[in-house]
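Structure, please.
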Amino acid sequence: MFFCAIYASGASSETKPPDLSKLPGVAKTLQITGDIKSVNHHVNSVTITKKMGKKISEVSVTVDNATMITMGKEKKTIVDIKTDDSVVVKYISRDGKNIAKSIDIKPAIKKPVKKRTS
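Model prediction:
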């Protein structure tokens, strides 16, 4: 009986925790870092584009009451998200829809306008 207790404790230290993302109904959190292409206030969604070399990925996510939107440490709302803002979006894909869990806004950096000299 003593041997079984030692063996059981040794086996448990080598086992991995179960991968809950593979269970039915458990969604895996995904992330995209990119720029806001569009904001639709009527359906509470934003579309993010990410350039990777010549390839452009595009993801649309729905913003709901549980979505945490921030700019630095300041809380924001979907109204504060502007086209061309850089963002980090964490979201889950459930029932064919992407639901935003958090959006961290990085304001768009305006490029200086070059003045022409005649």
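
Now residue 80: phi and psi?
phi -80, psi -10 (degrees, to the nearest 10).

Beyond the helix or strand of the chain with the lowest mean pLDDT, next helix or strand please.
Each helix and strand of the chain was given a mean pLDDT (mean pLDDT, DSSP states H and E); the minimum falls on helix 2-14 at a mean of 46. Next in sequence after helix 2-14, counting helices and strands by DSSP states H and E, comes strand 29-40.

Going by neighbour count, which residues in that following strand are buried?
Buried residues in strand 29-40, counting neighbours by 16 or more other C-beta atoms under 10 Å, are found at 32, 34-36, 39. C-beta: built from backbone N, CA, C; applies to glycine.

thought residue 100 was touching residue 64?
Yes - under the criterion of C-beta atoms under 8 Å, residue 100 lies in contact with residue 64, with a separation of 7.5 Å.

Mind checking which of the two has more residues around it?
Ranked by neighbour count (other C-beta atoms under 10 Å), residue 100 and residue 64 place residue 100 first, with 25 against 11.
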